[in-house]
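Novice: All I have is the shape, not the residue letters:
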């Protein structure tokens, strides 16, 4: 991929209508598009169609990007690309959540809410799984399956943040590469051992903090941090191969 300064130079040309600049940016970011597309393979949409959708999302990101956002183009483009694919799959009916799964997710959420009220804290993942006689992975899958994709321009549900869009809360320092690596990590989840897979799913699909994950898994915060660092290190080595 191009370095940040060169990317900005091509971006400025692209915004002025330079088609070649757009093509260069698209080609140079093909690896990013492929990485995101891998997450949606075997879900009813052909690879070529997914790449086309990813390209459309990337071009939309070029049009909407503003240097004043304070983030890298890749950081801004990832949710735009994923959003384009999710929209198509949702509207085209490729993603179908059964009524039974929706009901299960509703029951689990009700249990978590009632447990939190009566115990003063959220139940651990193991507690939820035992109550519903399900595996922990199935509990996470049920809850995650009913989450709808968000627009980066959607406002927060909290009253004190109504004027702030999600794009305004993207990290602007030192975490751009880390954010991309986190998204790339999803493609390797299936090959991880069960405990590591649960940690990654909870951290990057359920948006939990390390502290929250530690409580759910039943280990210390230090252990969660070490496991996560090891997974990221191993994944970086795999990308370098």
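Specialist: Noted; the coordinates are in hand. As the structure is a prediction and not an experimental result, all values here were calculated from the model. Numbers count the residues shown, from 1 in each chain.
Novice: can I see the domain layout of the protein?
Specialist: 4-96+146-191, 99-139, 192-241 (automatic domain parsing).
Novice: will you turn these into JSON lines that also has mean pLDDT and mean neighbour count?
Specialist: Every C-beta, even on glycine, is put in place using the N, C-alpha and C of the backbone. Converted to JSON lines, those look like this (pLDDT from 0 to 100; neighbours: other Cβ atoms under 10 Å):
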{"stretch": "domain 4-96+146-191", "mean pLDDT": "74", "mean neighbour count": "15"}
{"stretch": "domain 99-139", "mean pLDDT": "84", "mean neighbour count": "14"}
{"stretch": "domain 192-241", "mean pLDDT": "78", "mean neighbour count": "15"}
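Novice: Next one: residue 2 from residue 30, what distance?
Specialist: Residue 2 is 12 Å from residue 30, where distance means Cβ to Cβ, to the nearest Å.
Novice: should've said residue 223
Specialist: 37 Å.
Novice: who's in contact with residue 47?
Specialist: Going by Cβ atoms under 8 Å, 6 or more residues apart in numbering, residue 47 touches 37, 41.
Novice: And the strands in the chain?
Specialist: Taking DSSP state E to define them, one finds no strands in the chain.
Novice: show me where it has helices.
Specialist: Listed in chain order, the helices found in the chain under DSSP state H are 4-15, 19-28, 30-38, 47-64, 73-92, 99-119, 125-132, 136-145, 176-185, 194-204, 210-217, 221-240.
Novice: elements contacting the fifth one?
Specialist: I take that to be helix 73-92. helix 4-15, helix 30-38, helix 47-64, helix 176-185 (3 or more Cβ pairs under 8 Å, 6 or more residues apart in numbering; DSSP states H and E).
Novice: quick one: which of the ones you listed is nearest residue 197?
Specialist: Checking those against residue 197 by Cβ to Cβ gives helix 176-185 as the closest, at 11.0 Å.
Novice: Residue 22: what's it in contact with?
Specialist: By Cβ under 8 Å, 6+ apart, residue 22 lies in contact with 14, 59, 62.
Novice: quick one: it from residue 39, how far?
Specialist: To residue 39, residue 22 is 24 Å away according to Cβ to Cβ.
Novice: What of residue 100?
Specialist: Remark: distance between residue 100 and residue 39 (Cβ to Cβ) = 24 Å.
Novice: Next: residue 55.
Specialist: Note on residue 55: its distance to residue 39, by Cβ to Cβ, is 16 Å.
Novice: What of residue 233?
Specialist: Distance from residue 233 to residue 39, by Cβ to Cβ: 21 Å.
Novice: what's the span of stretch 29-47 from first residue to last?
Specialist: 17 Å (Cα to Cα, to the nearest Å).
Novice: no, scratch that, I was asking about stretch 7-23
Specialist: By Cα to Cα, the extent of stretch 7-23 from end to end equals 12 Å.
Novice: so how far is that stretch off the chain centroid?
Specialist: Its chain's average C-alpha position is 27 Å from that of stretch 7-23, according to Cα atoms, centre = their mean, to the nearest Å.
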